[in-house]
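Participant: Provided below for reference: sequence and predicted model.
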Amino acid sequence: MSETARPVLHDLRDRLAADPDTFARNVFARLFGSAPTLRDMFPAHLSHLREAFTDVIEHVLDVLPGDDGHDELIELLAQLGRDHRKYGVTEEHYNVMAQALVDEAAAALGPRWDRATAETVAQAIMLTTGVMRGAAQSVPGPATWRAQVVQKFDINRERVVVRLIALDPMPQFRAGQYLETRIPQWPHAWRNLSPSIPPNDAGELEFHVRSVPGGHVSTSIVKETAPGDIWTFAQAHGTLQVEAGRSVLMVAGGTGLAPLRAILLSMALHADSAPTHLFYGARFPGELYELGMLRELAAVNPWLKVTAVVDDSTDPWWVEGAPDPHQWGFEVLRGRVGDIVAQYGDWTDRQVLIAGPADMITSTKLKLRMAGVPTDQMQHDPVLD
Ligand SMILES: NC(=O)C1=CN([C@@H]2O[C@H](COP(=O)(O)OP(=O)(O)OC[C@H]3O[C@@H](n4cnc5c(N)ncnc54)[C@H](O)[C@@H]3O)[C@@H](O)[C@H]2O)C=CC1
């Protein structure tokens with residue numbers, strides 16, 4: 001961009017940053033004003049979206065006229081373009097959005113808006129939407145694919161297992177990745193769910209879901225999902241994976257076990273998997289619902305060792321009746337899973353994979369770092385909640 005672009009775009013960035021919500025509200029009002037049918041593509045509540053939207057625009061206005069960070073910006077926009085395929089965004093939608101942005105930028109810049117300013121802003125916006133559009137067009141195959149629920153059963157009152165069979169060809173993804181998922185009860189909401197089994201030719205999928213307090217989608221899955229429901233999937237994300245030939249430490253919290261379980265099942269397909277120690281944490285003994293399955297896996301895969309960890313050693317009344325975890329023959333320790341794992345041994349040469357609640361990931365990382373494990377040896381999915 002030309003030297004004169006920087007002050008214009010940075011001025012716009014500062015005006016936007018002063019009141020991002022109004023900027024976003026106005027852009028969306030312009031967008032829905034010129035193409036009312038677009039409103040149906042968006043969720044009922046737009047506050048999160050407005051926030052994410054202004055974050056991106058601010059970032060573009062910050063980086064684009066500068067000297068650094070262009071490659072990362074292009075990659076970010078390309079990823080956004082690929083992400084937007086699942087909403088059914090078309091060429092025309094990009095044009096309408098670009099016009100709404102230009103018009104709102106004109107309003108925000110007020111008396112500063114002249115021909116040169118308009119050209120600079122339009123160029124920045126065209127570049128942004130152009131990268132998104134180009135990336136979306138370059139992805140082969142359809143934007144979404146479907147699978148049908150064939151079985152659902154309760155693990156306990158707030159956790160379920162859901163099994164599905166793909167109705168469309170399943171795109172390639174790796175064990176340990178998570179999938180953008182939409183359920184029929186919430187047609188505008190996409191959530192990331194980690195399959196608990198590796199992708200396979202039969203198109204089988206399995207998810208372990210806990211109804212998160214205040215989580216509409218997870219609560220609907222636990223309470224309302226039924227065989228016959230059709231779920232829609234879009235892209236696979238996530239970088240959790242095991243590098244062959246190096247010992248592994250896995251730390252799972254609750255249903256965070258799912259992606260690690262999928263990786264363990266795919267490791268079990270190879271005869272020479274590296275020594276792997278899984279720490280499986282739950283709040284109560286009765287919530288260690290996967291120990292039976294892990295017992296079977298460890299019995300035929302001598303490279304796998306499992307340690308169970310519970311916050312409390314006795315079950316509260318609402319968990320009572322669950323099987324005693326000691327029957328599976330694994331050690332069951334008491335404490336926070338991150339604390340226990342860090343005190344347990346020397347993990348400095350291990351590749352470490354962590355999955356579970358956001359706070360558990362953060363605290364486990366911290367404890368392991370304090371125990372000498374380099375951060376770049378630890379993997380986890382983005383900590384979002
Ligand atoms: N790819 C991933 O990382 C995945 C993450 N999840 C997430 O895992 C979570 C599972 O929830 P639940 O089964 O209810 O787990 P939970 O609340 O029952 O906790 C399980 C374990 O995490 C530890 N933990 C919980 N909160 C902690 C904190 N603040 N600090 C330190 N340790 C803590 C507990 O001590 C226990 O060992 C959900 O938030 C879900 O979104 C689920 C699937 C995949």
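Facilitator: Nice, thanks for sending it over. Numbers count the residues shown, from 1 in each chain.

Participant: Help me confirm that Ser218 is found in a strand?
Facilitator: No - assigned with DSSP: H, G, I helix; E, B strand; the rest coil, Ser218 falls outside any strand and is helix.

Participant: Can you give me the separation between it and the ligand?
Facilitator: 8 Å (CB to the nearest ligand atom, to the nearest Å). C-betas here are computed from N, CA, C, even on glycine.

Participant: Isn't that residue up against Phe207?
Facilitator: No - Ser218 is not in contact with Phe207 according to CB atoms under 8 Å; the separation is 10.3 Å.

Participant: Show me which of the two is the more surrounded one.
Facilitator: Phe207 (24 against 21; other CB atoms under 10 Å).

Participant: Enumerate every residue touching the closest residue to Asp315 other than its chain neighbours.
Facilitator: Sequence neighbours aside, Gly286 is the residue nearest to Asp315 in space, at 4.2 Å (criterion: CB to CB, 6 or more residues apart in numbering). Shown in contact with Gly286 (CB atoms under 8 Å, 6 or more residues apart in numbering): 156, 315, 319-323, 325.

Participant: mind pulling up the phi and psi values for the closest residue to Pro199 other than its chain neighbours?
Facilitator: The shortest distance from Pro199 to any residue other than its chain neighbours is 5.6 Å, reached at Phe173 (CB to CB, 6+ apart). Dihedral pair for Phe173: phi -150, psi 170, per degrees, to the nearest 10.

Participant: For Phe173, grab the count of nearby residues.
Facilitator: For Phe173, using other CB under 10 Å, the count is 17.

Participant: That one and Ala236 touch, don't they?
Facilitator: Yes - Phe173 lies in contact with Ala236 (CB under 8 Å); the separation is 3.4 Å.

Participant: ok so, going back, tell me the pLDDT at the residue nearest to Asp315?
Facilitator: Listed pLDDT for Gly286 reads 92.

Participant: shared neighbours of Phe173 and Ala236, anything?
Facilitator: Residues touching both Phe173 and Ala236 by CB under 8 Å, 6+ apart: Leu179.

Participant: how about low-confidence regions in the protein?
Facilitator: Low-confidence segments of the chain (pLDDT under 70): 1, 384-385.

Participant: Could I get the full set of strands for it?
Facilitator: Read by DSSP state E, the chain holds these strands, from start to end of the chain: 145-156, 159-166, 178-182, 191-193, 204-210, 230-237, 248-253, 276-282, 304-310, 331-334, 351-355, 378-379.

Participant: Packed most tightly, which of those strands would that be?
Facilitator: Burial of the strands of the chain is given as mean neighbour count (mean count of other CB atoms under 10 Å); strand 248-253 ranks first at a mean of 26.

Participant: Could you name the helices and strands sitting against it?
Facilitator: When contacts are defined as 3 or more CB pairs under 8 Å, 6 or more residues apart in numbering; DSSP states H and E, strand 248-253 packs onto helix 257-267, strand 276-282, helix 337-344, strand 351-355, helix 358-370.

Participant: Run through the bridge partners of Ala147.
Facilitator: Partner residues in beta bridges with Ala147, using DSSP bridges, are Ala166, Trp231.

Participant: If we look just around the ligand, which residues of the stretch 201-350 of the chain are in range?
Facilitator: Counting by CB under 6 Å from any ligand atom, the stretch 201-350 of the chain comes close to the ligand at 210, 253-256, 258-259, 281-283, 309, 311, 336-338.
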